[in-house]
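# After the sequence you'll find the predicted model.
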Amino acid sequence: MVVQTIVTDTTSLQKSSAWSTFFSTFITIFLAEMGDKTQLATLLLSAESQSPWIVFLGAGTALIATSLVGVLLGRYLAKVLSPRTLDIAAGMLLMVISILLLGDVVQL
């Protein structure tokens, strides 16, 4: 009985963790995509088209494809690099992008 309880607890913890990961990913991507160039392009394509559902399917398929590339690349990088290396690389990349954006704003 104890073994069954532990297995059940582990299974429910994995399901809870999976749903937590799903919802945090959904909310993050949903908020990040609101009002970006992709959404504006989709809005314009839909307005010009007589087939808004085809535009929706095309845009949705494109988002799925780009997300798949991100997931596969992330999984590969997680296998070959340590989490610390990934954190440092991501931080450095964001700093470089920030400096470039700042330079663009102040016209350096």
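It's in. Residues are numbered from 1 along each chain as shown.

# immediately after the lowest-mean-pLDDT helix or strand in the chain, which helix or strand?
Lowest by mean pLDDT, DSSP states H and E among the helices and strands of the chain is helix 2-33, with a mean of 74. Of the helices and strands lying after helix 2-33 in sequence (DSSP states H and E), the nearest is helix 37-48.

# So for that next one, mean pLDDT?
Over the span of helix 37-48, the pLDDT mean works out to 91.

# for that helix, packing partners?
Under the contact definition 3 or more Cβ pairs under 8 Å, 6 or more residues apart in numbering; DSSP states H and E, helix 37-48 sits against helix 52-80. Backbone N, C-alpha and C define where each C-beta goes, glycine included.

# ok and the helix or strand immediately after the helix it packs on in the chain relative to helix 52-80, angle-wise?
As assigned by DSSP H and E, the chain's next helix or strand after helix 52-80 is helix 83-105. Interaxial angle, helix 83-105 versus helix 52-80 (axes from the mean of the first three to the mean of the last three Cα atoms, to 10 degrees): 130 degrees.

# Which elements pack onto helix 83-105?
For helix 83-105, there are no packing partners by 3+ Cβ pairs under 8 Å, 6+ apart, so no helix or strand.

# Dump the C-alpha coordinates for that helix into CSV.
The C-alpha trace of helix 83-105 is given here as CSV (Å, rounded to 0.1, in the frame of the first residue of the first chain):
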residue,chain,number,x,y,z
PRO,A,83,22.5,25.2,-17.3
ARG,A,84,25.1,27.7,-16.0
THR,A,85,26.6,28.1,-19.5
LEU,A,86,23.1,28.6,-21.0
ASP,A,87,22.3,31.3,-18.4
ILE,A,88,25.6,33.1,-19.0
ALA,A,89,25.1,32.9,-22.8
ALA,A,90,21.5,34.1,-22.6
GLY,A,91,22.5,37.0,-20.3
MET,A,92,25.4,38.1,-22.6
LEU,A,93,23.1,37.9,-25.7
LEU,A,94,20.5,40.0,-24.0
MET,A,95,23.1,42.6,-22.9
VAL,A,96,24.5,42.8,-26.5
ILE,A,97,20.9,43.3,-27.9
SER,A,98,20.2,45.9,-25.2
ILE,A,99,23.4,47.8,-26.0
LEU,A,100,22.6,47.7,-29.7
LEU,A,101,19.0,48.9,-29.1
LEU,A,102,20.3,51.7,-26.8
GLY,A,103,22.9,52.7,-29.5
ASP,A,104,20.1,52.8,-32.1
VAL,A,105,17.9,55.0,-29.8
